[in-house]
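Enquirer: With the input below, show me the fold.
(chains A and B)
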There are 2 protein chains.
Amino acid sequence: MEFEKKLEEFKEYLRKIEYLGCATSVLYWDLRVYAPKKGVPYRSDVLGYLSGELYKLATSNEMKGFIDYFSKFDDLDIVTKAMVEEAKKEYDQTKKIPEDKYREFTVLASNAESAWQEAKEKNDFSIFQPYLEKIVEFKKEFIEYWGYKDNKYDTLLDFFEPGITVEKLDQVFKELRDAIIDLLNKINKSSVKVDKSILTKEIDIPRQDKFSKEVLEKLEYDFEAGRVDETEHPFTIEFGNKDVRITTHYFKDNFISGLLSNIHEGGHAIYEQDIPDSLRATGLASGASMGIHESQSRFYENILARGKEFWKYFYPILQERFPEYKEVPFAEFFKAINLVEPSLIRTEADELTYSLHIIIRYEIEKMLINGQIEVKDLPKIWNEKYKEYLGVEPSTDAEGVLQDVHWAGGDFGYFPSYALGNLYGAQFLNKMREDIKDLDEQIEKGNFGVIHNWLKENIHKHGSVYKPSELIKMVTGEELTAKYFIDYLNKKYAEVYDI
Amino acid sequence: MEFEKKLEEFKEYLRKIEYLGCATSVLYWDLRVYAPKKGVPYRSDVLGYLSGELYKLATSNEMKGFIDYFSKFDDLDIVTKAMVEEAKKEYDQTKKIPEDKYREFTVLASNAESAWQEAKEKNDFSIFQPYLEKIVEFKKEFIEYWGYKDNKYDTLLDFFEPGITVEKLDQVFKELRDAIIDLLNKINKSSVKVDKSILTKEIDIPRQDKFSKEVLEKLEYDFEAGRVDETEHPFTIEFGNKDVRITTHYFKDNFISGLLSNIHEGGHAIYEQDIPDSLRATGLASGASMGIHESQSRFYENILARGKEFWKYFYPILQERFPEYKEVPFAEFFKAINLVEPSLIRTEADELTYSLHIIIRYEIEKMLINGQIEVKDLPKIWNEKYKEYLGVEPSTDAEGVLQDVHWAGGDFGYFPSYALGNLYGAQFLNKMREDIKDLDEQIEKGNFGVIHNWLKENIHKHGSVYKPSELIKMVTGEELTAKYFIDYLNKKYAEVYDI
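Expert: Just a heads-up that it's a prediction; the model follows:
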């Protein structure tokens, strides 16, 4: 009886956090999408206030009371158990750090971002270096407060990908790296020529937008529970499961970029739209982890929308909508969207080399956090690794070590999720093929509902009740492995590059 | 020393209210403008939560502490004094009502709105009647809690138009009513024919939108601190003085409706954009009252944008933008936008008869609250008054007593503000003419900055530091009077109808 009452109170408390989180997200979305220029500073103040309130709620004595009360029970149902763990994780993450340290770090991170911006613009790593050094010191100190077992970096990984360890990542990333480099060498020797210029035909943006939405609709993104707007950088954001919005950036002479970006964000958004109402006010009404989220967006963007079957269905429609492509043969188009071309910038990487960009960052972060390298050596190490893995070398730090904002905010441990998304996605694909024998035929016929349904039933409907490691085991029967993604890559590029 | 510290704390407290209010407004705007259909219920829950938090802050013991502390001083500077009064007013408005009564009323008002909707759709007053009876009873009971001096209705008026009384309104509204009816009779006898069909030329909406924005820009609405979007019903909303948004509704075959609506909302918005930063976190960073706000929107919409000088400047530009009007003579256009045609629906009324719609509502509300008539008699009284004042009679309650939503929410005392806006506006105009000798010439030349500047310096910059009665006295040297609006109407319609 007391338990039931306490649980109800706990949920009411979490509901407040959810509501404030929703308000924060709407204000953020509006700031990025529609707010007028002069309104930005005041809006930032309001957002700062709301974050502060959220922080207070997540770290209050009341919250501690709930956590302590429910932690006493060892027979909690799975959802309540996950609720408590999630709340405890967030509570510990901040409360274990002395308050003045935490505040100091917040100010530092904000200044570091400005310094990073300036350093990137001026192409001068030395502007960013002192800030990054402090950030790394803080993170190391924080890890001491948070505690760690085998590897300090594990503690950081755990925030983004609960349960993932350096030991595991070292193994799968090594396999993946070797396989990709091997494939890259074969592709370099291939005599197949890909004409990427066919993708630069000018298509006006209203037509791109219309076609993108047609595709999203067909993939079962629910437009009655979402919308698409344009921003400089695409993102997905949810205000509850009935209002999950996508933003996109169209380029007049590169429609495929906007389209695939929409499909990528669509993958994130369909995930959030599928999270059941029953998980509201539990703190679990979101994706299982960054990596699982990326597995969904990348599944839609790469496995599906760079796949042959997808275009067997959509290419004739595309040719209808964009008569500019009437004369472009299917095979040429398919090769062009699967072009492999090692490059310097992560966000512009092709499907094959993308993971190498991530592995480089992972290797560097791990060494940095464990004190094996120093911040001042980063540009050199960065460039060496790019040369070694990708065969390209940045001529400036702006297109090298300064390209991403993540480190300025202290987000070490975040990058691996992107590559994990690729691995999870291929593992899901393998299981999906077992469950849906005629998967390719269904895709060719445009029956994307079977895919959506499979993802919904196996992944989406669980929200973040399960840790990613639990989920992958539960769904596929196997632990995280690079095997299926490597198989997938080998098969795909054998076809594209005739190797 | 203690005073300074307390004041700082009070402002910090008011700042929280302001921030939460801003968040609420952004969520509301988004709900009305861009939210997808299925997202509405959850968003309403979040809005409900935020309103609850705002209510708690406005009625907390902490708030009472501030009010009590500062009320002890009789030498407060004008801003601090107004801050305390404003906070006290809101505190009293809810705290004087027993909490269960207040809750009961909130539920009733929500149900009453649904009943009103149904009644209007089915054109059946009896569906709404029992709800309205209860609403009126509650309001009468609340007035006992709030207290009153001469007339119970004064208490309600005071919420919307601090300082305004039945005694004053009876006098000015009688003068106004008689003058309008007199003018109407003369217009009816005029031989001048107005061709309103010239306003129904089809203009596609992007062109309307572009021209509207051109006009707003010229009137000095700051687009870097605002934006225009489309909604079913137009409104203005502010998220601080640097982000004041307008919404509008365009009709393909009635461009003047969308344009004047934009100018009306522009008047509200320019007011809010002009409120100085120094009034943030005082609770006074808004218009002085509903009536003063309407005086600004109506000044821009009617006095300015239905005036001859305005169109001397803009008509050639309009003819450029809308070549459809190349052949329409200026005089015909000017008459058409100033057509007088008594009608049943308030929101569609012309500039002359609009106030009569308001006066009818005022007379009815006053009698209802003072127990001189009963709810069941409303349809009959309504129709009689329309017949008597406007010469038209509703054939259904939907186009009669059921047309407005206000009473369903218990908003008695709100309607008079609309007509007060007309009176204040003409008083301001009179003073403006004294201060700017060549006002008409400036308008003809398109120098709308002189008007904006006058309004800003005399009205806008004060936010709600002064009560409307104080403000009008301070700006014009006179109390509220119907004289100048009546003069204005006589002069205008003498010109339009040659009377």
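Enquirer: Can you give me the end-to-end span of stretch A:437-446?
Expert: 16 Å (C-alpha to C-alpha, to the nearest Å).
Enquirer: what does stretch A:324-334 give?
Expert: For stretch A:324-334, the end-to-end distance is 16 Å (C-alpha to C-alpha).
Enquirer: Give the burial count for residue A:11, as a bare number.
Expert: 18 (other C-beta atoms under 10 Å in any protein chain shown). No exception for glycine: its C-beta is placed from N, CA and C like everyone else's.
Enquirer: Give me the phi and psi angles of it.
Expert: Residue A:11 adopts backbone torsions of phi -70, psi -40, taken as degrees, to the nearest 10.
Enquirer: With residue A:52 instead?
Expert: Recorded main-chain torsions at residue A:52 are phi -60, psi -40, according to degrees, to the nearest 10.
Enquirer: what about residue A:29, distance to chain B?
Expert: 8 Å (C-beta to the nearest C-beta, to the nearest Å).
Enquirer: again with residue A:277
Expert: 9 Å.
Enquirer: That residue - how many residues pack around it?
Expert: Residue A:277: 11 surrounding residues under other C-beta under 10 Å.
Enquirer: Contacts only, for it.
Expert: residue A:241 (C-beta atoms under 8 Å, 6 or more residues apart in numbering or on different chains).
Enquirer: Sheet-wise, list the partners of the longest strand anywhere in chain A with their directions.
Expert: Identified as the longest strand of chain A according to DSSP state E is strand A:244-248. Applying DSSP bridges, strand A:244-248 is found paired with strand A:228-230 (parallel), strand A:236-238 (antiparallel).
Enquirer: Give the rounded mean pLDDT of the first one.
Expert: Regarding strand A:228-230, the rounded mean pLDDT is 97.
Enquirer: Likewise for stretch A:166-173?
Expert: Model confidence over stretch A:166-173, given as mean pLDDT, is 98.
Enquirer: which residues sit against that stretch?
Expert: For stretch A:166-173, contacts defined as C-beta under 8 Å, 6+ apart pick out A:150-151, A:153-154, A:157, A:359, A:362-363, A:366, A:416, A:419, A:423, A:480-482.
Enquirer: Equivalent analysis for stretch A:394-413, please.
Expert: Applying C-beta under 8 Å, 6+ apart, the external contacts of stretch A:394-413 come out as A:105, A:109, A:112-113, A:115-116, A:119-121, A:123-125, A:128, A:131-132, A:135-136, A:138-139, A:153, A:156-161, A:344-346, A:361, A:365, A:368-369, A:378-379, A:382-383, A:386, A:414-415.
Enquirer: distance between the longest strand of chain A and the chain's centre?
Expert: Strand A:244-248 sits 14 Å away from the centroid of its parent chain (C-alpha atoms, centre = their mean, to the nearest Å).
Enquirer: Briefly note if the helix or strand just after that strand comes near chain B.
Expert: Reading on from strand A:244-248 to the C-terminus, the next helix or strand found by DSSP states H and E is helix A:255-274. No: applying C-beta under 8 Å from any C-beta of the partner chain, one finds helix A:255-274 separated from chain B by no less than 9.2 Å.
Enquirer: Which positions within helix A:255-274 qualify as buried?
Expert: Within helix A:255-274, the residues that count as buried by 16 or more other C-beta atoms under 10 Å in any protein chain shown are A:255-274.
Enquirer: Quickly list the domain ranges of chain A.
Expert: Annotated domains of chain A cover A:2-95, A:148-499 [automatic domain parsing].
Enquirer: To residue B:7, which of those domains lies closest?
Expert: The closest of the domains of chain A to residue B:7 is domain A:2-95. By C-beta to C-beta, the value is 19.9 Å.
Enquirer: average pLDDT for the closest one?
Expert: 95.
Enquirer: mind checking the end-to-end distance for that domain?
Expert: In domain A:2-95, first residue to last residue: 27 Å (C-alpha to C-alpha).
Enquirer: do the same with stretch A:146-159
Expert: Stretch A:146-159 end-to-end distance (C-alpha to C-alpha) = 11 Å.
Enquirer: Distance from the chain centre to it, please.
Expert: 20 Å.
Enquirer: which stretches of the stretch 151-300 of chain A form helices?
Expert: Taking DSSP state H, counting those that start in this stretch to define them, one finds helices in the stretch 151-300 of chain A at A:152-160, A:166-189, A:205-218, A:255-274, A:290-298.
Enquirer: For residue A:16, find the nearest of those helices.
Expert: Ranking the helices of the stretch 151-300 of chain A by proximity to residue A:16 (C-beta to C-beta) places helix A:255-274 first, at 20.5 Å.
Enquirer: how far off helix A:205-218 does that closest one point, in degrees?
Expert: Calculated by axes from the mean of the first three to the mean of the last three C-alpha atoms, to 10 degrees, helix A:255-274 forms an angle of 40 degrees with helix A:205-218.
Enquirer: Which elements pack onto the host helix or strand of residue A:139?
Expert: Following DSSP H and E, one finds residue A:139 within helix A:125-146. Counting contacts by 3 or more C-beta pairs under 8 Å, 6 or more residues apart in numbering or on different chains; DSSP states H and E, helix A:125-146 is packed against helix A:99-122, helix A:152-160, helix A:354-369, helix A:378-385.
Enquirer: For chain B, see how far away residue A:377 is.
Expert: Taking C-beta to the nearest C-beta, one finds residue A:377 at 44 Å from chain B.
Enquirer: what does residue A:22 give?
Expert: 5 Å.
Enquirer: now residue A:32
Expert: Distance of residue A:32 to chain B, given as C-beta to the nearest C-beta: 13 Å.
Enquirer: quick one: which helix or strand includes that residue?
Expert: Using DSSP H and E, residue A:32 maps to helix A:2-33.
Enquirer: now do residue A:496
Expert: Assigning secondary structure by DSSP H and E places residue A:496 in helix A:483-497.
Enquirer: Between helix A:354-369 and that helix, find me the angle.
Expert: Using the same axes, to 10 degrees: helix A:483-497 against helix A:354-369 is 140 degrees.
Enquirer: Go through helix A:483-497 and flag the buried ones.
Expert: A:483-486, A:488-489, A:492-493, A:496-497.
Enquirer: Next: stretch A:327-344.
Expert: For stretch A:327-344, using 16+ other C-beta under 10 Å, the buried residues are A:328, A:333-340, A:342, A:344.
Enquirer: and that stretch, how far apart are its ends?
Expert: 33 Å.
Enquirer: quick one, helices of the stretch 301-450 of chain A?
Expert: Under the criterion DSSP H, counting those that start in this stretch, the stretch 301-450 of chain A contains helices at A:308-321, A:330-336, A:354-369, A:378-385, A:416-435, A:439-444, A:449-458.
Enquirer: I'd like these as TSV, with mean pLDDT appended.
Expert: Formatted as TSV, those follow (pLDDT from 0 to 100):
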stretch	mean pLDDT
helix A:308-321	98
helix A:330-336	98
helix A:354-369	98
helix A:378-385	97
helix A:416-435	98
helix A:439-444	98
helix A:449-458	98
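Enquirer: got CSV for these, with distance to residue B:241 too?
Expert: Shown next, in CSV, are these (distance: least, C-beta to C-beta, whole Å):
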stretch, distance to residue B:241
helix A:308-321, 45
helix A:330-336, 51
helix A:354-369, 43
helix A:378-385, 44
helix A:416-435, 41
helix A:439-444, 53
helix A:449-458, 46
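Enquirer: picking up where we left off before, go through the helices of the stretch 151-300 of chain A and name the closest to residue B:312.
Expert: Among these, helix A:205-218 comes nearest to residue B:312, with 38.1 Å by C-beta to C-beta.
Enquirer: thinking again about what came up before, for the helix holding residue A:496, C-alpha coordinates in PDB please.
Expert: Taking C-alpha atoms only, helix A:483-497 is exported to PDB below (Å, rounded to 0.1, in the frame of the first residue of the first chain):
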ATOM      1  CA  LYS A 483      30.600  -9.300 -37.700                       C
ATOM      2  CA  TYR A 484      27.300  -8.400 -39.300                       C
ATOM      3  CA  PHE A 485      28.200  -4.900 -40.200                       C
ATOM      4  CA  ILE A 486      31.400  -6.100 -41.800                       C
ATOM      5  CA  ASP A 487      29.500  -8.700 -43.700                       C
ATOM      6  CA  TYR A 488      27.000  -6.000 -44.800                       C
ATOM      7  CA  LEU A 489      29.800  -3.700 -46.000                       C
ATOM      8  CA  ASN A 490      31.600  -6.500 -47.900                       C
ATOM      9  CA  LYS A 491      28.400  -7.500 -49.600                       C
ATOM     10  CA  LYS A 492      27.400  -4.000 -50.500                       C
ATOM     11  CA  TYR A 493      30.800  -2.800 -51.900                       C
ATOM     12  CA  ALA A 494      31.300  -6.100 -53.700                       C
ATOM     13  CA  GLU A 495      28.200  -5.100 -55.600                       C
ATOM     14  CA  VAL A 496      29.000  -1.400 -56.100                       C
ATOM     15  CA  TYR A 497      32.600  -1.800 -56.900                       C
END
